[in-house]
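Asks: Using only what follows, build the 3D model:
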Amino acid sequence: MSQNISKGTVLFDLTKTRFLRILFLVLTILWMITIFYFSSKTAVSSTEQSIGLGERLFRILIPDMDSWPPEQKAAFLESADHFIRKTAHFTEYLILGVLLFCTVNIGGRRASRRGLWKACLLPFVAAFCYAVSDEIHQSFVPGRSGQAADVLIDSCGAFAGILIFLLVFSARWDRTKSN
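Replies: Predicted structure coming up:
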């Protein structure tokens with residue numbers, strides 16, 4: 001009887017693992033579509049969107065911003081636009097790095113300390129290749145251009161996402177192993 005329960009548990013674990021892999025694959029593809037959508041916006045539309053986001057964010061951080069003269073507020077938002085765009089690049093790819101790491105590594109065997117680079121390499125290379133293709137895509141969008149610096153920022157975001165998730169995942173695994 002215990003063998004049947006054990007087999008059922010293994011089957012459940014395999015089904016759960018398969019479900020998680022499919023879930024993360026679907027989430028990864030949806031996120032890549034989202035990145036593609038944002039990259040498809042014209043320069044004017046993209047600028048309006050990032051300035052609008054900046055305005056909403058800075059209203060929270062700077063409560064008296066609405067009392068500023070319109071020219072001062074516009075100048076401030078325009079100066080912050082570059083920072084907002086680069087932060088958005090980093091964040092988009094941080095999320096992509098986490099999703100790719102999960103897609104590739106969920107349900108796999110626990111990598112040894114020496115094998116951790118292998119667990120991170122495929123998700124990182126995939127994110128890097130997507131960042132390159134994203135910048136190439138942007139070069140065909142009116143008013144936009146592909147920037148090597150953005151590929152670097154995107155890659156750093158993906159690396160940070162993978163690293164953060166790896167540290168959290170390793171700490172959790174070490175905690176469950178010791179129990």
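Asks: tell me the contacts of Ala158?
Replies: Contacts here follow Cβ atoms under 8 Å, 6 or more residues apart in numbering; on that basis Ala158 touches 93-94, 96-97, 100, 123-124, 127-128, 131. C-betas here are computed from N, CA, C, even on glycine.
Asks: so how far is the strand or helix carrying it from its chain's centroid?
Replies: Using DSSP states H and E, Ala158 falls within helix 148-178. Centroid separation between helix 148-178 and its chain, computed with Cα atoms, centre = their mean, to the nearest Å, is 10 Å.
Asks: Please apply the same query to stretch 53-61.
Replies: For stretch 53-61, the distance to the chain centre is 22 Å (Cα atoms, centre = their mean).
Asks: I'd like to know how many residues surround Val151.
Replies: Val151 has 21 neighbours, counted by other Cβ atoms under 10 Å.
Asks: Which helix or strand lies directly C-terminal to whichever strand or helix holds Thr15?
Replies: Using DSSP H and E, Thr15 sits in helix 2-39. With elements assigned by DSSP H and E, the helix or strand that comes after helix 2-39 is helix 43-61.
Asks: if we look at that following helix, which residues are touching it?
Replies: Against helix 43-61 from outside (Cβ under 8 Å, 6+ apart): 38, 41, 65-66, 73, 76-78, 80-81, 84-85, 88, 141-144.
Asks: And stretch 82-91, by the same measure?
Replies: Here stretch 82-91 has contacts from 38, 46, 50-51, 53-54, 57, 150, 153-154, 156-157, 160, using Cβ under 8 Å, 6+ apart.
Asks: distance of the closest residue to Gly161 other than its chain neighbours from Trp117?
Replies: Spatial nearest neighbour of Gly161, chain neighbours left out: Gly97 (3.1 Å); criterion: Cβ to Cβ, 6 or more residues apart in numbering. Gly97 sits 15 Å away from Trp117, going by Cβ to Cβ, to the nearest Å.
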